[in-house]
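Participant: kindly return the folded structure for what I paste below:
(one chain, ligands or ions: 1)
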Amino acid sequence: MSATAQRRIDELRATIEHHDYRYHVLDDPEISDAEYDRLMIELRALEAQHPELVTPDSPTQRVGAAPLSSFAEVVHRVPMLSLENAFSEEEVRAFDRRVRERLDAAAGALDYAAEPKLDGLAISITYRDGRLVQAATRGDGTRGEDVTANIRAIRGTPLRLRGKPPPLLEVRGEVYMPLEGFARMNEAAVARGEKTFVNPRNAAAGAVRQLDPKISASRPLGIFLYGVGMTEGWTIPARHSELLAELRGFGLRTCPQAEVVQGIDGCLAYFARIGAARARLPYQIDGVVYKVDRRDWQEQLGFVSRAPRWALAHKFPADEAETTVAAVEFQVGRTGAVTPVARLEPVFVGGVTVSNATLHNIDEVQRKDVRVGDTVVIRRAGDVIPEVVRVVAGRRHAHAKPVELPAYCPVCGSPVVRLEGEAIARCTGGFRCRAQRREALKHYAARRALDIDGLGDAIVDQLVERDLVRSPADLYSLDAGTLADLERMGEKSAQNLVAAIAASRETTLPRLLFGLGIRDVGESTALALAQHFGDIDALMAADETQLQQVPDVGPVVAGHVARFFADPANRAVVAALRAHGVHWPPIAAPRAELAPLGGLTFVLTGKLAQLTREAATEALTALGAKVAGSVSKKTSYVVAGEEAGSKLDKARALGVPVIDEAELAAILESRRRPGS
Ligand code: IVH
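Facilitator: Numbering: from 1, shown residues only. Below is the predicted model of the structure:
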């Protein structure tokens, strides 16, 4: 029995590792994500039946360790060095000259291994007999932190090496956050009203240095290896480029943009090529690295202090630049927040021309003492909104004008108020203010709200500018003829948009509540309100005390909700939406035709990475499933996220199928009602 299981488990692990290699190293998958998921599901199920056959290097065991209270120290037996930097062509040419002089044997053009300089954090990973046993940060180069559990969780890191790895192999490389994942994380943080990460490097460093591996595992991280540290029983290949090829053979990810180039001109041409491709790369880089390709020459060249003589980092110009502040204007956001924005003399920074930079809020303007006419330092990091770092002292003219918070909204003229203790000042115009209206409509149409496909920013701007839409309810009166008259709209897209608006009539109460854009009511609060009150009339009638009965709703949010529904303009919007046929099923009792998961009971345990628990509950209940708090024989599935604990053990004990978040997403996707 168990021997058959063992055979199948071995087979599945090898197959999964093979597909990991195809996907992460060769970037050439042979199977679909769904097929891959099926292999994982089968392996998980078998391991759940035979817990004694689970091994630490099974692909199911990437994440699982308990949170730490601190990181252990790791001593790097071969120190982790840094690189000498160059910013100009002259400096790069001087480097090449020095190298050739020292190697006097080699007069002609040298082969250099050229690689992007990844903007992440350096990491060392040790494999013993092909098994990942330790991973550490660089630290001060001699002592780093043991982050093994967090590095294991990075999907591109093999837990077992392929081929014939040596008894000891310590590889080194860079952990980074892909730009797409970085953007996704920041969007989610904004949606939850949390602080965003300044740049992908900080985000990656923060993720690797999480004491709880489950949190780390939920962050999108990538890894590229570019070197070796300690090794035993292995002849290191004669060239750096061959070393990279061997690492790839072991199943380790190396940077696909690495190349061998000839001589200094080859290096400079590579720098130009990568510089031009920079904006399209899926990860952030801050330059390129040149390494003498021949290892015997590397050894001959040796080191100066903490950096090798055989390598050089050629950095892109800094992402900071100086320019002058032409004006400071105030932008009005969805909830009326009035944000100062610096209008700048256009300046080229970080690969793009910047003419606006955020000043966050009026306190910040005063703290930095930014005045109109000042020379300021602008910073642009990755895809982040450019910001004013500081005023250049000593360059201020006598006529530089201090910035003041306007007393009236620059868009609608309503009074601007700033509540005691709040950094943010707000326009009190509500829907009467065009700026708030515009942002409110964008929010209403967003994917997590009413999900109106095709109602992009440019269209909303025109609808508001032309006064065609004053509240979300007006969207439902638009016809294809009117829409086709807008700029950047054809007949066909106008018809599609009318259809998308019509389809949004069928929604859910949590989506509607979220879409109304009540201050501080995010998705999870919207769900809690909907579940508590069941319908919108009861919610609209509730006073602040009643609102505070809702889980997670405190006095502040209760106040926002009560004030929102006390405003006759907002009540009119809700009534108009209903009059236009916007409707939602009652929360507690989903209708049968809307309940493809009817009869199934799910238990959620642990933290989910992509969905909040509330959003998962909403999605499941919207499809008719029941979501229960504890596991029993009647449970259909246990969804195990990070930190899954006793419920997971109980599920295993009772033989209840356990699925992870990706599998849950697949179920939700496949059962989703057409048009929703
Ligand atoms: S080689 C002895 N290659 O840059 C050579 N480093 O300033 C040591 N880095 O700590 C590093 N991309 O975090 C090398 N392709 C690359 C790199 C790279 C990024 C980082 C690494 C290192 C720092 C040195």
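
Participant: helix or strand for the residue of the chain found nearest the ligand, which one?
Facilitator: Residue nearest to the ligand within the chain (CB to the nearest ligand atom): residue 122, separated by 3.2 Å. (Each C-beta comes from the backbone N, C-alpha and C, glycine too.) In this structure, residue 122 sits in strand 121-128 according to DSSP states H and E.

Participant: now that strand: average pLDDT?
Facilitator: What strand 121-128 shows for mean pLDDT is 97.

Participant: what is it packed up against?
Facilitator: Where contact means 3 or more CB pairs under 8 Å, 6 or more residues apart in numbering; DSSP states H and E, strand 121-128 is packed against strand 131-137, strand 168-176, helix 200-208, strand 222-232.

Participant: next one: phi and psi at residue 262?
Facilitator: phi -100, psi 120 (degrees, to the nearest 10).

Participant: which non-adjacent residue is nearest it?
Facilitator: In space, and not counting its chain neighbours, residue 262 is closest to residue 109: 5.0 Å by CB to CB, 6 or more residues apart in numbering.

Participant: could you report the neighbour count for that neighbour?
Facilitator: Here the count is done by other CB atoms under 10 Å, and residue 109 has 15 residues near it.

Participant: again, but for residue 4
Facilitator: Residue 4: 9 surrounding residues under other CB under 10 Å.

Participant: so for the strand or helix carrying it, what gets flagged as buried?
Facilitator: Using DSSP H and E, residue 4 sits in helix 2-20. By neighbour count on 16 or more other CB atoms under 10 Å, the buried set for helix 2-20 is 9, 12-13, 15-17, 19-20.

Participant: wait, residue 238 sits on residue 296?
Facilitator: Yes - taking contacts as CB atoms under 8 Å, residue 238 lies within contact range of residue 296: 7.0 Å.

Participant: got a list of what residue 493 touches?
Facilitator: residue 454 (CB atoms under 8 Å, 6 or more residues apart in numbering).

Participant: need phi/psi at it.
Facilitator: Note on residue 493: its backbone torsions stand at phi -70, psi -30 [degrees, to the nearest 10].

Participant: same question, residue 658
Facilitator: phi -110, psi 130.

Participant: span of stretch 546-559 from start to end?
Facilitator: The first and last residues of stretch 546-559 sit 11 Å apart, counting by CA to CA, to the nearest Å.

Participant: distance from the chain centre to that stretch, please.
Facilitator: 30 Å (CA atoms, centre = their mean, to the nearest Å).

Participant: pull the number of nearby residues for residue 332.
Facilitator: Neighbours of residue 332 under the rule other CB under 10 Å: 25.

Participant: which non-adjacent residue is nearest it?
Facilitator: Closest to residue 332 by CB to CB, 6+ apart is residue 435, at 3.6 Å.

Participant: quick one: average confidence on the helix holding residue 4?
Facilitator: In this model, helix 2-20 has an average pLDDT of 93.

Participant: what residues does it touch?
Facilitator: Taking CB under 8 Å, 6+ apart as the rule, helix 2-20 contacts 29-31, 36, 39-40, 42-43, 46-47, 49-50, 52-53, 58-59, 155-156, 158, 160, 162, 251.

Participant: how about the helices and strands packed on strand 121-128 in CSV, adding mean neighbour count, distance to the ligand and mean pLDDT?
Facilitator: Listed next are the helices and strands packed on strand 121-128 as CSV, based on neighbours: other CB atoms under 10 Å; distance: least, CB to the nearest ligand atom, whole Å; pLDDT from 0 to 100:
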stretch, mean neighbour count, distance to the ligand, mean pLDDT
strand 131-137, 20, 10, 96
strand 168-176, 23, 5, 97
helix 200-208, 22, 10, 90
strand 222-232, 19, 4, 96
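
Participant: can you put these in TSV and add distance to residue 183?
Facilitator: As requested, the helices and strands packed on strand 121-128 are exported to TSV (distance: least, CB to CB, whole Å):
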stretch	distance to residue 183
strand 131-137	25
strand 168-176	14
helix 200-208	9
strand 222-232	14
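
Participant: chain center to stretch 102-113, what's the gap?
Facilitator: 43 Å.

Participant: is any residue of that stretch near the ligand?
Facilitator: No - residues of stretch 102-113 are not located near the ligand by CB under 6 Å from any ligand atom, the shortest gap being 9.0 Å.

Participant: list the buried residues in that stretch.
Facilitator: Neighbour-count burial for stretch 102-113 [16+ other CB under 10 Å]: 103, 106, 110-113.

Participant: cool, stretch 574-582 as well?
Facilitator: 574, 576-577, 580, 582.

Participant: if we can go back for a sec, of the helices and strands packed on strand 121-128, which is nearest residue 522?
Facilitator: Across these, the minimum distance to residue 522, taken as CB to CB, is reached by helix 200-208, at 20.8 Å.

Participant: got a list of contacts for the next helix or strand after that closest one?
Facilitator: As assigned by DSSP H and E, the chain's next helix or strand after helix 200-208 is helix 213-217. Surrounding helix 213-217, the residues in contact under the criterion CB under 8 Å, 6+ apart are 62-65, 67, 149-150, 152-153, 207-208, 210, 606-607, 609, 641-643.

Participant: please list only the buried members of the residues you listed.
Facilitator: Buried members of those, scored by 16+ other CB under 10 Å, are 62-65, 149-150, 152-153, 207-208, 210, 606-607, 609, 641-643.

Participant: how about CSV for the buried residues of helix 2-20, with distance to the ligand added?
Facilitator: Listed next are the buried residues of helix 2-20 as CSV, based on distance: CB to the nearest ligand atom, whole Å:
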residue, distance to the ligand
9, 37
12, 35
13, 31
15, 32
16, 29
17, 26
19, 27
20, 23
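
Participant: quick revisit: any idea which of the buried residues of stretch 102-113 is closest to residue 284?
Facilitator: residue 113 (20.9 Å).

Participant: on that earlier part again, contact partners of the following helix or strand past the helix holding residue 4?
Facilitator: Next in sequence after helix 2-20, counting helices and strands by DSSP H and E, comes helix 33-49. By CB under 8 Å, 6+ apart, the list of residues contacting helix 33-49 from outside reads 5, 8-9, 12-13, 15-16, 19, 23, 29, 53-54, 58-60, 652, 655, 657-660, 662-663, 666.

Participant: now do 6 Å
Facilitator: 5, 9, 12, 15-16, 19, 54, 60, 652 (CB atoms under 6 Å, 6 or more residues apart in numbering).

Participant: now the two most distant members of these.
Facilitator: Comparing every pair within the contacts of helix 33-49 by CB to CB identifies 19 and 652 as the most remote, at 25.4 Å.

Participant: ok, back up a step: now, of the contacts of helix 2-20, which are buried?
Facilitator: 36, 39-40, 43, 46-47, 58-59, 155-156, 158, 160, 162, 251.

Participant: could you identify the most distant pair in those?
Facilitator: Based on CB to CB, the longest span within those runs between 46 and 156 and measures 24.6 Å.

Participant: which residues does residue 170 contact?
Facilitator: Residue 170 touches 124, 126, 229-230, counting by CB under 6 Å, 6+ apart.

Participant: hmm, try it at 10 Å
Facilitator: Taking CB atoms under 10 Å, 6 or more residues apart in numbering, we find residue 170 in contact with 76-78, 124-128, 133-136, 227-232.

Participant: and what of residue 239?
Facilitator: Taking CB under 10 Å, 6+ apart, we find residue 239 in contact with 111, 113, 245, 260, 291-298.
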